[in-house]
Structures are given as C-alpha cells and as structure tokens.
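*Asks:* The sequence isn't on hand, but the structure is:
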C-alpha cells in the first residue's frame, strides 16, 4: 500500500465512525441518565472508584472529541461555501 491509499482508508474509517457516533453519544447520554456512576453523581465503593472515574473520563473525552470533529466538519463546509460565493462574485467582475 502506498501513502494515498492508506490516507483514503483512514478517511473512510473516520467517516464511517462519524456516521455511527451520534447513536453512540445518545446511548452514552441515556446510560448516564439511568446510571448515576456514569453521570458522576454516585458514590461507588472504594475499590470501584478508580474504574468508575476512568469510565466517566472516557465518556466525557469521547463526547468532547466527537463534538470537536463535528464542529470542524461544519466549519469546513462553511469555508467551502464562502469560497464558492467569493469565486462566483469574482467571476462576475
């Protein structure tokens, strides 16, 4: 495999993941609603505190990364739209 093929494979994988991620985020939010430890509100037994804390951090980190990627994609679309409008206006001169 050469570099462009690897890059295409990674891009397809990320795009596929981003299609599924909204369902996962909703599932994690729903789980946090019914499970107080994931929402960070419960007091687990001492030996479970580390595991629950790690889970809370992982869920929060996942949602943050997903939100950042979604925002980046939205901004990319806006930049393309603005550039296309600029090119269209410039061609009318």
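*Replies:* Nice, thanks for sending it over. As the structure is a prediction and not an experimental result, all values here were calculated from the model. Residues are numbered from 1 along each chain as shown.
*Asks:* Identify the residue nearest residue 66 in space, chain neighbours excluded?
*Replies:* Spatial nearest neighbour of residue 66, excluding adjacent residues (Cβ to Cβ, 6 or more residues apart in numbering): residue 21 at 5.1 Å. For glycine as for every other residue, the C-beta is placed from the backbone atoms N, C-alpha and C.
*Asks:* Surely that neighbour and residue 65 touch.
*Replies:* No: contact criterion Cβ atoms under 8 Å: residue 21 and residue 65 do not qualify, at 9.2 Å.
*Asks:* Give me the more crowded residue out of the two.
*Replies:* Taking neighbours as other Cβ atoms under 10 Å, residue 21 and residue 65 compare with residue 21 leading, 17 against 11.
*Asks:* Give me the distance between the more buried one and residue 84.
*Replies:* With distances taken as Cβ to Cβ, to the nearest Å, residue 21 is found 28 Å from residue 84.
*Asks:* Please apply the same query to residue 71.
*Replies:* 21 Å.
*Asks:* for this structure, what spans make up the strands?
*Replies:* Read by DSSP state E, the chain holds no strands at all.
*Asks:* And the residue nearest the centre of it?
*Replies:* By Cα atoms, centre = their mean, the chain has its centre lying nearest to residue 66, at 1.1 Å.
*Asks:* mind checking how far that residue is from residue 93?
*Replies:* Distance of residue 66 to residue 93, given as Cβ to Cβ: 42 Å.
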